[in-house]
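Asker: output the structure for:
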Amino acid sequence: MAVQLLERPAESTRGIVRLDARQLRIQRRITLILTVLPPLAVIAAIVSLWGTGITLTDFGIMLAFYLFTGLGITLGYHRLFTHRSFRAVKPLRVTLAIAGSMAVEGSVIAWVATHRRHHAYADQHGDPHSPHLAQAGGLRGVILGLAHAHIGWLFSSENSDRNEWAPDLVAEPAIAKVDRHFGTLTLATFLLPALVGLALTGSFWGMVTAFLWGSLVRVFFLHHVTWSINSICHFYGREAYQARDESRNVWPLSIPSFGESWHNNHHAFPWSARLGLRKWQIDPGWYVLRALQLVKAVRNVKVPNRAQMLAKLKR
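Answerer: Predicted coordinates:
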């Protein structure tokens, strides 16, 4: 599904590692399983529960794991590890790395390396998932570009060199250890909801439905919300601030994405821990971060001041 891109300058290949044929084959098979199985689970959930609906237990399990893993991505992988927009005590750093890993979007160091490369080349050659670099033009180019940015780039043979883009995390023993255990944490994110369902209901069917909703359906929705930031939020929406790319704010995604869809705000101030910069811009990740700040779990929280925001405001 990866889109053929226009010929790019040599400097845009900095920090790229190419997989060999065997590695690429393994990566594509794993990616295919993890992208096809959750949608099939959604269909199974609809068919099996037609006319009855999701139980309160299953909904609670799904919501709890969605919040835990989603906050692991937005607060951990993104705002803390990629952009270093705040500092956190070590137990919280490790917890956020584990939570992000359980979102099944890649190991912490690999995710950070890719996202830092995205910002270095945002919507230019070298960006791993821009929707604007498809070789085709017109409507076909739009469709191919969005498909590539949303999911196609996951099948690419190009990986971001972690030693080039995330040497700080490679050198941090606790985070490097979490990174090495990504496979184990992936198994845990699928098994734990089922075990919780079994414990709460005491039945085999309760375990099955908890796995269906709390594992597969939850991963499906979280993946597509995250991928929509790469695709939709670089194509549609409002451009509030001047940025050197095509990032856009898309308000309907602000709640399920924990504030990540204030994407133009983010690209204008990538170092900011707050993504919803206006009072009315809902940013659940920021609200959790403020609570953590009150209990002294985080410090050195970076946010643009009024003068900085005015200077970049789109006229």
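Asker: in the stretch 101-250 of the chain, which spans are strands?
Answerer: For the stretch 101-250 of the chain, strands defined by DSSP state E, counting those that start in this stretch occupy the ranges 158-160.
Asker: can you give me the helices in it?
Answerer: Here the stretch 101-250 of the chain has its helices, by DSSP state H, counting those that start in this stretch, at 108-120, 138-150, 162-165, 167-170, 173-180, 182-201, 204-210, 218-231.
Asker: rank those helices by mean pLDDT and give me the bottom one.
Answerer: Lowest mean pLDDT within the helices of the stretch 101-250 of the chain: helix 138-150, a mean of 80.
Asker: between that helix and helix 218-231, how big is the angle?
Answerer: Angle, helix 138-150 to helix 218-231, by axes from the mean of the first three to the mean of the last three CA atoms, to 10 degrees: 130 degrees.
Asker: for helix 138-150, buried residues please.
Answerer: 141, 144, 145, 146, 147, 148, 149, 150 (16 or more other CB atoms under 10 Å). Where C-beta positions appear, they are placed from N, C-alpha and C, glycine not excepted.
Asker: just to revisit the earlier point, most tightly surrounded among the helices of the stretch 101-250 of the chain?
Answerer: helix 108-120 (a mean of 23; mean count of other CB atoms under 10 Å).
Asker: which strands and helices sit next to it?
Answerer: Counting contacts by 3 or more CB pairs under 8 Å, 6 or more residues apart in numbering; DSSP states H and E, helix 108-120 is packed against helix 90-101, strand 158-160, helix 162-165, helix 167-170, helix 173-180.
Asker: rerun at 10 Å
Answerer: Where contact means 3 or more CB pairs under 10 Å, 6 or more residues apart in numbering; DSSP states H and E, helix 108-120 is packed against helix 90-101, strand 158-160, helix 162-165, helix 167-170, helix 173-180, helix 182-201, helix 263-268.
Asker: distance to residue 228 added to those, as TSV?
Answerer: Below are the helices and strands packed on helix 108-120 laid out as TSV (distance: least, CB to CB, whole Å):
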stretch	distance to residue 228
helix 90-101	18
strand 158-160	21
helix 162-165	23
helix 167-170	26
helix 173-180	25
helix 182-201	20
helix 263-268	10
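Asker: ok, which of the ones you listed comes nearest residue 298?
Answerer: Minimum separation from residue 298 across the helices and strands packed on helix 108-120 (CB to CB) falls at helix 90-101, 7.0 Å.
Asker: let me see the mean pLDDT of the closest one.
Answerer: 98.
Asker: what residues of it count as buried?
Answerer: 92, 93, 94, 95, 96, 97, 98, 99, 100, 101.
Asker: quick one: low-confidence parts of the stretch 1-150 of the chain?
Answerer: 1-53, 135-137 (pLDDT under 70).
Asker: give the contact list for residue 260.
Answerer: 70, 73-74, 78-79, 225-226, 228-229, 233, 250, 253-254, 266, 275-276, 283-285 (CB atoms under 10 Å, 6 or more residues apart in numbering).
Asker: again, 8 Å this time
Answerer: If a contact means CB atoms under 8 Å, 6 or more residues apart in numbering, then residue 260 has 74, 78, 226, 229, 233, 253, 254, 266, 275, 285 as its contacts.
Asker: that one in helix, strand or coil?
Answerer: coil (DSSP: H, G, I helix; E, B strand; the rest coil).
Asker: give me the phi and psi for it.
Answerer: phi -60, psi -20 (degrees, to the nearest 10).
Asker: how near is it to residue 82?
Answerer: With distances taken as CB to CB, to the nearest Å, residue 260 is found 12 Å from residue 82.
Asker: need the buried ones from the contacts of residue 260 selected in PyMOL.
Answerer: To isolate the buried members of the contacts of residue 260 in PyMOL, using 16+ other CB under 10 Å:
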select buried, resi 74+78+226+229+233+253+254+266+275+285
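Asker: any chance of the contacts of residue 260 in CSV, with distance to residue 195 too?
Answerer: As requested, those are arranged in CSV below (distance: CB to CB, whole Å):
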residue, distance to residue 195
74, 26
78, 29
226, 25
229, 31
233, 35
253, 31
254, 32
266, 36
275, 34
285, 28
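Asker: quick one: which of the contacts of residue 260 is nearest residue 297?
Answerer: residue 285 (14.4 Å).
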